[in-house]
Structure formats: C-alpha cells, structure tokens
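Peer 1: here's a sequence, model it:
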Amino acid sequence: MKIYQVGGSVRDKLLDLPAHDCDYVVVGATVDDMLAAKFQPVGKDFPVFLHPKTRDEYALARTERKSGRGYTGFAFHASPDVTLEDDLQRRDLTINAMALAVHGDLVDHIDKLVDPYGGARDVEAKVFRHVSDAFAEDPLRVLRVARFAARFTDFTVAPETLLLCQKLVDDGEIAELVAERVWQEISRGLMEAKPSRMFEVLRACGALAVLAPEIDRLWGVPQKPQWHPEIDTGVHVMQAIDYAANKGWPLATRFAVLTHDLGKGTTPADILPVHHGHEARSVKLVGQLCERWRVPRDCSELATHVAAEHGNIGKIAELRPATVHDLLMRCDVLRRPERFAQMLDACEADKCSRVGAQGELPAYASPVFQPRIDALVALAAMQAVDAGAVADTMVAAGKPERIAEAVREARIDAIRRSFPRSQAEAGGK
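Peer 2: Here you go, the predicted structure:
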C-alpha cells in the first residue's frame, strides 16, 4: 500500500498558497485493507474513506470510463493494479494531476514531485491544460475550468482545452448538467477573487449561452455613455460583480449584482441605448434563471428586490418623501433591515463600478455612495416613529380605521424632516 497527497493541495504548494483541503490516493490496496486500517467508508459511487484520526479523504486509485451522457455517466474501476499514473490521468487539468508520496505523518518535499503530465510546467506558465482527451467525457469540467479562471486570475486556458470545452457545448453535453451542479459551480465561482473571468471562459466556449442566455445576451447591448462610460451592458455587469468581490460581499449580494440588469438584454432595438422598463423585465428574467438553477431562497429574493428597485434607490435623492416611504416599504425594511443593507451594497456595485475603456469615470462619480446615506437616514426616521403611540391616538380619537393611514403619514413626515435635501422642499405625499 502506497499513499500520495494529490490534487489541489499539491498545486497550491507550488503556488505558495495555503492548502485548505488535502486529498489522498491509495495505491495497491483493497477495500478490505482500508477497513482493516480503521478507515471509514463514505463513497457512494467509488471507494472513498475518511482517515480515522484526521478525517481527511483517502480514495483508492481508480480509472474512469464514459458510459452515458452528462457528468454522472461513468463506470469506475478501483483495484490494487491501478497505478498512480492511471489515477492521475483521469483528472481534469495537469495542474491538478500531481502527487507527493506520504510516509506516515510526513509528506515528501516538493522537489520529489510526481508529475507525469507536466503540471509543474503549466503552473509556471500559468496555463489551464487538460490531462487527456478524457477531459471531454465530463461536461462539469467546463464549469470547473471557468471557476478556476476566477480564482487564479493570471492563468489562461490553453487553446486546445478551450476547443474541448466548445466540443462539449456543441455535443449537447452542457445542456445535460443538472441544476444543482451548475449552481454549485457558479456560486463557488462568484465567491472567487475575480468572478468576471468565469463568465469570460463560459462565453468563450459557448457554455454561457446554454446555461444562462439571460446573461449571455447582455454583451453588445449599449447604454447611454453619460451614465455608463463602459457602454456595453455585459461589460458593466462584469465590472459590478468584480467590485462586489473586491468588497468581500457574500454570495447573495454577488448574485443580485450579476442579475440586476438582465432586462436590458431584452430592450427593443429601436429604443436603444435607452432601457425604459428594464427593471420589470429583469424581475421576470431573474425568476426564470433562479428556477432553472434552483437558486437558494436568500439569493433569489435579494436578486428579485435589487432587480426591481436598483434604479429607484440610485435616484432616491430625487424622490418625494412619500415615494421614498413606499420604496422602503416595498423593500420590507422594517422587518428585514439586514437584507436592505445587502440591497444597498448591490446598488453601490451597480453605481460605483462603472469605468470606461480608457479608465474614464462618469460625471457623477464620487468616493461615497450617497444613496446609501440617504436611504439609511430615511430608514432611521421611519424606525423612530412609535407606531403604537400613533395607533393609541387614533383609537382615543374614535378613528381606529385610520391607524394604518396615520402611521404612514407619520413616517412620511419623519422622512421629510430628516432630509436637509431636495426632498424636504419637494413637499407633497
């Protein structure tokens, strides 16, 4: 029995990155051998075990053979005669097909790297390259390569690997992927350092048009340059999600940023670059995408609210107090202030990420996202209103039927008094 540390942890050692998860391959062993050594079996499709002390995963060396469509159509062979090289050959990329021998609690130094497929060379060259043509047997690998591009931002995809990704798209294999696995990879990619690179790779091989035509069609759609110096809607959305990633915001916020302008992809050509009503179209398209990918509720709800209201939040300083009140109530701010804070983050990414091809900023550019300040001032004013006291007053006056109206009027008045800005002079309700 020989044990090797394999996969991403070895790659990250070469890159001088911390290894979060270590995977191991066991060569020359049987299931009975692992059980006798007190390893706990956990693999459903092939022999994978948990170490009795560290709880790290140890898998018997295996080969794979395509037996059907999609990422689940595989037959596995695990036995003592499968070599380390055989096991490494089934892996997706050369940078993930390296190994270090394990001796008890010690792992070989990196200068004793087992590298039969040139992974170290590709790490140095910063290239994602497939190990063998068997790459094209698993369509999920297209999304994995795209996700790696978002993590390792200075790597590029080898041309021959991109061709294999395109083949998987052309053969209809990408369309066979189940929603849960697509969302798993997309959500992980959104949480990487530069999510835009994931979509860059997915567009380059044609996968994005299959998985999310609502997003893919945004490229080439113009916007007014005085508001969007980047002009192209697809470019704008990519700038916005990278802004959100740079801020370290959570998945729900990043997904809302990704989907906030989907409606611009369906704007009638004869009114471009104006996008009247794109918010309502965005809400509908967000719903379609969330249903297709089975997006978790926290992400889908936030994305829906941002799609509907990002335009209004961006111009909150121009709204009358009553309009501000109704906007905030639609956002359910009194019951869900934490979600509203995420909405404001997403709106900041939309507004503050816009940069032209030459680095030019829009005329309204500011280091401070003023709509956040205005919205939070209005929220604080609404929260300061004692709705119970207002209700008691109406009951005492014999007008209980006016409680809801009176509370609304009190909150609007509080907003009017809290704003030393144009809304205070706007008046009205």
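Peer 1: what residues are up against residue 90?
Peer 2: Residue 90 makes contacts with 62-64, 131, 134, as judged by CB atoms under 8 Å, 6 or more residues apart in numbering. The C-beta positions use only the backbone N, C-alpha and C, and glycine is treated the same way.
Peer 1: what do you get for residue 149?
Peer 2: Counted by CB under 8 Å, 6+ apart, residue 149 has contacts 128, 155, 157, 197-198, 200-201.
Peer 1: which residues does stretch 161-174 contact?
Peer 2: Stretch 161-174 has contacts (CB under 8 Å, 6+ apart) with 69-70, 93, 128-130, 133, 135-136, 139, 141-142, 145, 157, 201, 204-207, 210-211.
Peer 1: buried ones from these, can you make that a PyMOL selection?
Peer 2: To isolate the buried members of those in PyMOL, using 16 or more other CB atoms under 10 Å:
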select buried, resi 70+93+128+129+130+135+136+139+141+142+145+157+201+205+206+207+210+211
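Peer 1: on that earlier part again, let me have the contacts of residue 149 in CSV, extended by distance to residue 401.
Peer 2: Shown next, in CSV, are those (distance: CB to CB, whole Å):
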residue, distance to residue 401
128, 67
155, 66
157, 66
197, 58
198, 55
200, 58
201, 60
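Peer 1: in JSON lines, list those along with secondary structure, distance to residue 390 and pLDDT.
Peer 2: As requested, those are arranged in JSON lines below (DSSP: H, G, I helix; E, B strand; the rest coil; distance: CB to CB, whole Å; pLDDT from 0 to 100):
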{"residue": "128", "secondary structure": "strand", "distance to residue 390": "62", "pLDDT": "98"}
{"residue": "155", "secondary structure": "coil", "distance to residue 390": "60", "pLDDT": "98"}
{"residue": "157", "secondary structure": "strand", "distance to residue 390": "61", "pLDDT": "98"}
{"residue": "197", "secondary structure": "helix", "distance to residue 390": "53", "pLDDT": "98"}
{"residue": "198", "secondary structure": "helix", "distance to residue 390": "50", "pLDDT": "98"}
{"residue": "200", "secondary structure": "helix", "distance to residue 390": "54", "pLDDT": "98"}
{"residue": "201", "secondary structure": "helix", "distance to residue 390": "56", "pLDDT": "98"}
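Peer 1: which residues in the stretch 151-300 of the chain form strands?
Peer 2: Assigned by DSSP state E, counting those that start in this stretch, the strands in the stretch 151-300 of the chain fall at 156-157.
Peer 1: burial measure for residue 337, as a count.
Peer 2: Around residue 337 there are 14 other residues, counting by other CB atoms under 10 Å.
Peer 1: quick one on the thing from earlier: residue 381: which of the contacts of residue 149 is nearest?
Peer 2: Among the contacts of residue 149, residue 198 lies closest to residue 381 (CB to CB), at 41.0 Å.
Peer 1: before we move on, back to that, just the contacts of stretch 161-174: which are in helices?
Peer 2: The helices, defined by DSSP state H, take in 141-142, 145, 201, 204-205, 207, 210-211 from the contacts of stretch 161-174.
Peer 1: state the pair within the contacts of residue 90 that is farthest apart.
Peer 2: 62 and 131 (14.7 Å).
Peer 1: neighbour count: those two, which is higher?
Peer 2: When neighbours are counted by other CB under 10 Å, residue 62 and residue 131 differ, and residue 131 comes out ahead with 21 against 18.
Peer 1: reduced to three states, what does the nearest residue to residue 340 once chain neighbours are set aside come out as?
Peer 2: Spatial nearest neighbour of residue 340, excluding adjacent residues (CB to CB, 6 or more residues apart in numbering): residue 333 at 4.6 Å. Secondary structure assignment for residue 333 (DSSP: H, G, I helix; E, B strand; the rest coil): coil.
Peer 1: what about residue 333, neighbour count?
Peer 2: With other CB under 10 Å as criterion, residue 333 counts 21.
Peer 1: how about residue 287?
Peer 2: Neighbours of residue 287 using other CB under 10 Å come to 15.
Peer 1: same deal with the one 5 residues further on?
Peer 2: Each residue near residue 292 was counted by other CB under 10 Å, and the total is 15.
Peer 1: residues near the closest residue to it other than its chain neighbours, how many?
Peer 2: Spatially, and ignoring its direct neighbours in sequence, residue 292 is nearest to residue 179 (6.3 Å; CB to CB, 6+ apart). Neighbour count for residue 179, taken as other CB under 10 Å: 13.
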